[in-house]
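> Got a predicted structure plus its sequence, pasted below:
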Amino acid sequence: MISLEHANRIVGATLEKGKALGLKPLTVAVLDAGGDLVAFARSDHSSAMRPQIAMGKAGGALALGVSSRTVGDMAADRPSFIASLGPISRHGVIPAAGGVLITDGNGTLLGAVGVTGDTSDNDESCALAGIESAGLKAKN
């Protein structure tokens, strides 16, 4: 499982990256491998529903074992299947980049981070920076 220290480091570095890039206000959620919330933060002026979107990106990645970008690709091919997962998933499933699986150096799944607030590509870039800053690895 991901430690609180690692999760907080991911959240802080993700928000810092967004600020450094001049992005819109970001919201970040880190879930452990079981889908429980470990750390969360939202920038000042984050819009409504951002907490649910961040957890939906991370939760969807955990549910399917791939990044939320890949879930988005899957939705293009099988929209009914991906749409059907939202109601049965604890945090929903958001099929857009910004949800990234987190592993340790051995490839063991620790959890996932979900980022929302700017473009999906920028959200994902910040998530990757947060994971790297914690000394952990992203899994696609």
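Looks like it arrived, so ask away.
> right, and the helix or strand after the longest helix along the chain?
Of all segments of type helix in the chain, defined using DSSP state H, the longest is helix 4-20. Counting by DSSP states H and E, the next helix or strand C-terminal to helix 4-20 is strand 27-32.
> Was I right to think Ala127 contacts Thr116?
No - taking contacts as CB atoms under 8 Å, Ala127 lies outside contact range of Thr116: 9.8 Å. (C-beta placed from N, C-alpha, C; glycine too.)
> who's more crowded, the two?
Each of Ala127 and Thr116 has its neighbours counted (other CB atoms under 10 Å); Ala127 has more, 35 against 32.
> The more buried one - that's part of a helix, no?
Yes - Ala127 sits within a helix when classified using DSSP: H, G, I helix; E, B strand; the rest coil.
> where does it land on pLDDT?
Listed pLDDT for Ala127 reads 98.
> quick revisit: return every residue with contacts to both of Ala127 and Thr116.
Taking CB atoms under 8 Å, 6 or more residues apart in numbering as the contact rule, Ala127 and Thr116 both touch Gly98.
> Okay, now the unreliable bits of the chain?
Nowhere does the chain drop to pLDDT under 70.
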